[in-house]
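Participant: pasting a predicted model and its sequence here:
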Amino acid sequence: MRAYLDLCCLKRPFDLQDQPLVRLQTEAVLSIQAMAGEAVDLIRSDALLLENSLNPVQGRREAIDLWLSQGAVAELPEPDLQRRLQELTALGFKNFDAFHVASAELAGASVFVTVDLGILRVAARHESGINLRFADPIQFVEELSQWKP
């Protein structure tokens, strides 16, 4: 299964862990990353690299850069990416969110994993206009634990 974890997911382990939901999401993200190459193929993109480069917290930025450097970045056709970005922003996705969703679609992801409720809401409203499904990391770990190759 090909999955795209957005930057919110990748940054979740660095958030304050004093809320139960944040701790559960952190464990789920770390579990997904640990399953890479087995039950899941994680997609890396220029969108992740660019957004992470803007992270003002050096330690977080470097840790995520290290993870991003451990796999190939998906090569995406620029005209298709630009066209899809316009379509997704017209649906209501914010610029970086549209960049991530378009990257995930064009890279062949089957699922887009995020902790961002705004993205999940927009995706739910426009389910028929999006070429992949969305899940939070906890849901996705539950799916992976039942998935048989």
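Facilitator: All right, it came through fine. Numbering: from 1, shown residues only.
Participant: all helices of the protein, in order?
Facilitator: 7-11, 20-34, 46-53, 58-68, 78-91, 95-106, 117-125, 137-146 (DSSP state H).
Participant: what is the fifth one packed up against?
Facilitator: What it means is helix 78-91. Here helix 78-91 touches helix 95-106, going by 3 or more C-beta pairs under 8 Å, 6 or more residues apart in numbering; DSSP states H and E. The way it works is simple: take the backbone N, C-alpha and C, and place the C-beta from them, glycine included.
Participant: for M1, find the nearest of the helices of the chain.
Facilitator: helix 137-146 (7.4 Å; C-beta to C-beta).
Participant: residues contacting that closest one, please?
Facilitator: Here helix 137-146 makes contact (C-beta atoms under 8 Å, 6 or more residues apart in numbering) with 1, 3, 5, 9, 12, 24-25, 28-29, 31-32, 35, 39-40, 111, 113, 115, 135.
Participant: next up, phi/psi of L132, please.
Facilitator: Dihedral angles of L132 (phi, psi; degrees, to the nearest 10) stand at phi -160, psi 170.
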